[in-house]
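A.B. asks: quick one: sequence plus predicted model below, questions after.
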Protein chains: 2
Amino acid sequence: MDTRRRIERALKTSLELAAAPPCPRHLALALRHAVFPGGARFRPNLCLLVASACGDAHPALTEAAAVAVELLHCASLVYDDLPCFDDAGMRRGSPSVHVAHGEELAILAGNALIVQAFDSLARAATNAPSLLPGLIRVIARGVGSPSGIAAGQAWESETPPDLGTYHRAKTGALFESAIIAGALTGGGDPLQWTGLGHRLGEAYQVADDLRDADGRPEVLGKPTGQDAAHGRPSAVRELGHASALARLDALCDEVVARIPACSGRHDLITFVRGWQAHHQPEPRAAVAP
Amino acid sequence: MDTRRRIERALKTSLELAAAPPCPRHLALALRHAVFPGGARFRPNLCLLVASACGDAHPALTEAAAVAVELLHCASLVYDDLPCFDDAGMRRGSPSVHVAHGEELAILAGNALIVQAFDSLARAATNAPSLLPGLIRVIARGVGSPSGIAAGQAWESETPPDLGTYHRAKTGALFESAIIAGALTGGGDPLQWTGLGHRLGEAYQVADDLRDADGRPEVLGKPTGQDAAHGRPSAVRELGHASALARLDALCDEVVARIPACSGRHDLITFVRGWQAHHQPEPRAAVAP
């Protein structure tokens, strides 16, 4: 089974547990809306690729880790779109969850997705319980406080925000979790993989800032210009456009250089370079042909 | 060390991890505001009492379970008070978290508390990893979907709501989690304790509905009349005042009858009867002297 189908199947199985009776009907709809159809499924992909590169020692637990990071990512998008944050009406080309199902159900679906992420890990760990404490801590670190997504988002309320800490927490932390979790469940040495996710997260955030500054909403499926509209920290506002582009390329080179020697190194490089090519900001060809 | 001090110390230790650098300053304030000073700490008390009654096999893990259920309860109060839910400006006699720190930080603190609950369990389980999968599943069941707090709250968006399922999910589920978690970490047989939390939760919800209908805000430290104002399901609206009072007493009798034979049975009965006496709705003396 290819990676994408493996991820979708595992997500569907997990979601069906959360949306099963006696789940109230509208919460079940909001939960499915938050997770399907997905975006690139970048984080679970990364988790599966790293686990595979490390030997794929516990495939079911790897899938649960991939599910957990994606559910947590989906929850973070539901919150990001709320009126008190980005107030974004569209996400992935559809109405965002609070627009389709109301703010109450969006918040409750987000809560339930966070809980479901940890429940998925626990269900899959019955045969390898010794891995579970480390796995939960690695994934919790990517989303909670003091240095995960919740903390990252909270940096937007600080004056002045620390751009590096903000990016590390808001984006890099969950990438780091996805990679270290994959190393743990795959049977590798997590220490060899430390720091890679933070570099990749920084690259991702720079690409996201560039697209927010330059992209077209009809191509991205979500509103653009949000960083400027909300006065949020952004690599484009901080560094200027050209330097932000150069930073993106330098970060991708660093990521590739840091992938440890392993059987799946080539596949991982292909994945990173593919993402890099796909995520070049649209107007770039005109700026630097 | 008495139970209350043990709970406060364990909560403080867990919160300090979440609020440590690099946690943004305002998120750290919102996190502490959500958890301290607490209310009755009813759920963690219950967890410790049951674990003690079962033999107190893993005290550190019991404390982590008590911390987890209390952090999850505190998170649920933060969400309950938000403008899109109860829009409550006061909680425990102080401004609610979103009033004091803004809606964004309230939501982020709630998210971080949910994550911190599972992180606390994982940190304490290093010496007893085989208990962790069951413990996480038991606690996740109390707060997520399809039958925990998030689902319970979502029943308020259904027409008509099923009052029994709503109460079981919104209140009983986390009581059940607290008790079963205590049985697990104490070394008891969780099956002997099944269903007790749901009865207790139902009693608690009936008492809460009565206080919402009859209580004085200055005594309770929060607004009253919320069920009627928001058209929410309530035992008082459903059964009438006198039958709701009789139901409360009958449920407490059922709870006491179901406590299994164990060394701590007497302490648990004292705890339940103490709570029952303390939570008699204020106007009751006038209605039935």
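C.D. replies: Thanks, I have it. These numbers come from a predicted model, not from an experiment. Numbering: from 1, shown residues only, chains lettered A, B, ... in the order given.
A.B. asks: ranges for the strands of the stretch 51-200 of chain A?
C.D. replies: Here the stretch 51-200 of chain A has its strands, by DSSP state E, counting those that start in this stretch, at A:90-91, A:94-95.
A.B. asks: helices along the stretch 151-289 of chain A, start to end?
C.D. replies: For the stretch 151-289 of chain A, the helices defined by DSSP state H, counting those that start in this stretch cover A:163-167, A:173-186, A:196-214, A:217-220, A:226-229, A:235-239, A:241-258, A:265-278, A:284-287.
A.B. asks: closest to residue A:43 out of those helices?
C.D. replies: Of all the helices of the stretch 151-289 of chain A, helix A:173-186 sits nearest to residue A:43, with 4.4 Å by Cβ to Cβ. Backbone N, C-alpha and C define where each C-beta goes, glycine included.
A.B. asks: and the nearest residue to residue A:158 once chain neighbours are set aside, what is it in contact with?
C.D. replies: The shortest distance from residue A:158 to any non-neighbouring residue, by Cβ to Cβ, 6 or more residues apart in numbering or on different chains, is to residue B:24 (4.9 Å). Listed by Cβ atoms under 8 Å, 6 or more residues apart in numbering or on different chains, the contact set of residue B:24 reads A:151, A:154-155, A:157-158, A:161.
A.B. asks: could you point out which residue ranges in the stretch 151-289 of chain A have low pLDDT?
C.D. replies: A:279-289 (pLDDT under 70).
A.B. asks: which residue does it bring closest to chain B?
C.D. replies: residue A:154 (3.7 Å; Cβ to the nearest Cβ).
A.B. asks: before we move on, the earlier item: tell me the most buried of the strands of the stretch 51-200 of chain A?
C.D. replies: Stretch with highest mean neighbour count among these: strand A:90-91 (a mean of 20; mean count of other Cβ atoms under 10 Å in any protein chain shown).
A.B. asks: for it, which strands pair with it and how are they oriented?
C.D. replies: Within its sheet, strand A:90-91 is paired with strand A:94-95 (antiparallel), according to DSSP bridges.
A.B. asks: contacts for the partner strand?
C.D. replies: The contact list for strand A:94-95 (Cβ under 8 Å, 6+ apart) reads A:33, A:89, A:100, A:221.
A.B. asks: buried only: go through the residues you listed for me.
C.D. replies: A:33, A:100 (16 or more other Cβ atoms under 10 Å in any protein chain shown).
A.B. asks: and of the contacts of strand A:94-95, the nearest to residue B:8?
C.D. replies: Distances from residue B:8 to the contacts of strand A:94-95, taken as Cβ to Cβ, are shortest for residue A:33 (40.1 Å).
A.B. asks: is the closest one in contact with residue A:102, as I believe?
C.D. replies: No. Assessed by Cβ atoms under 8 Å, residue A:33 is found out of contact with residue A:102, at 11.5 Å.
A.B. asks: in JSON lines: the contacts of strand A:94-95, plus distance to residue A:274.
C.D. replies: Below are the contacts of strand A:94-95 laid out as JSON lines (distance: Cβ to Cβ, whole Å):
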{"residue": "A:33", "distance to residue A:274": "28"}
{"residue": "A:89", "distance to residue A:274": "30"}
{"residue": "A:100", "distance to residue A:274": "32"}
{"residue": "A:221", "distance to residue A:274": "20"}
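A.B. asks: pipe the contacts of strand A:94-95 into a markdown table and attach distance to chain B per row.
C.D. replies: Listed next are the contacts of strand A:94-95 as a markdown table, based on distance: Cβ to the nearest Cβ, whole Å:
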| residue | distance to chain B |
| --- | --- |
| A:33 | 13 |
| A:89 | 16 |
| A:100 | 13 |
| A:221 | 24 |
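A.B. asks: any idea which of the contacts of strand A:94-95 is closest to residue A:236?
C.D. replies: Distances from residue A:236 to these, taken by Cβ to Cβ, are shortest for residue A:221, at 20.1 Å.
A.B. asks: most packed of the helices of the stretch 151-289 of chain A?
C.D. replies: Note that of the helices of the stretch 151-289 of chain A, helix A:173-186 is the most buried (mean count of other Cβ under 10 Å), with a mean of 28.
A.B. asks: what helices and strands are in contact with that helix?
C.D. replies: helix A:42-54, helix A:59-81, helix A:132-143, helix A:149-154, helix A:196-214 (3 or more Cβ pairs under 8 Å, 6 or more residues apart in numbering or on different chains; DSSP states H and E).
A.B. asks: on the three-state scheme, residue A:21 is what?
C.D. replies: Secondary structure, DSSP: H, G, I helix; E, B strand; the rest coil: residue A:21 is coil.
A.B. asks: which positions in the stretch 151-289 of chain A make contact with chain B?
C.D. replies: Within the stretch 151-289 of chain A, the positions adjacent to chain B are A:151, A:153-158, A:161-162, A:165, A:169 by Cβ under 8 Å from any Cβ of the partner chain.
A.B. asks: just the buried subset of those, please.
C.D. replies: Buried among those (16+ other Cβ under 10 Å): A:151, A:153-157, A:161, A:165, A:169.
A.B. asks: could those residues be laid out in a markdown table, adding distance to residue B:65?
C.D. replies: A markdown table is the format used below for these (distance: Cβ to Cβ, whole Å):
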| residue | distance to residue B:65 |
| --- | --- |
| A:151 | 25 |
| A:153 | 28 |
| A:154 | 27 |
| A:155 | 31 |
| A:156 | 33 |
| A:157 | 32 |
| A:161 | 36 |
| A:165 | 32 |
| A:169 | 28 |
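A.B. asks: show me what contacts the closest residue in space to residue A:153 that isn't next to it in sequence?
C.D. replies: Spatial nearest neighbour of residue A:153, chain neighbours left out: residue B:108 (5.5 Å); criterion: Cβ to Cβ, 6+ apart. Counting by Cβ under 8 Å, 6+ apart, residue B:108 makes contact with A:79, A:145, A:150-151, A:153-154, B:27, B:30.
A.B. asks: how close does residue B:108 sit to residue A:107?
C.D. replies: From residue B:108 across to residue A:107, the span is 12 Å (Cβ to Cβ, to the nearest Å).
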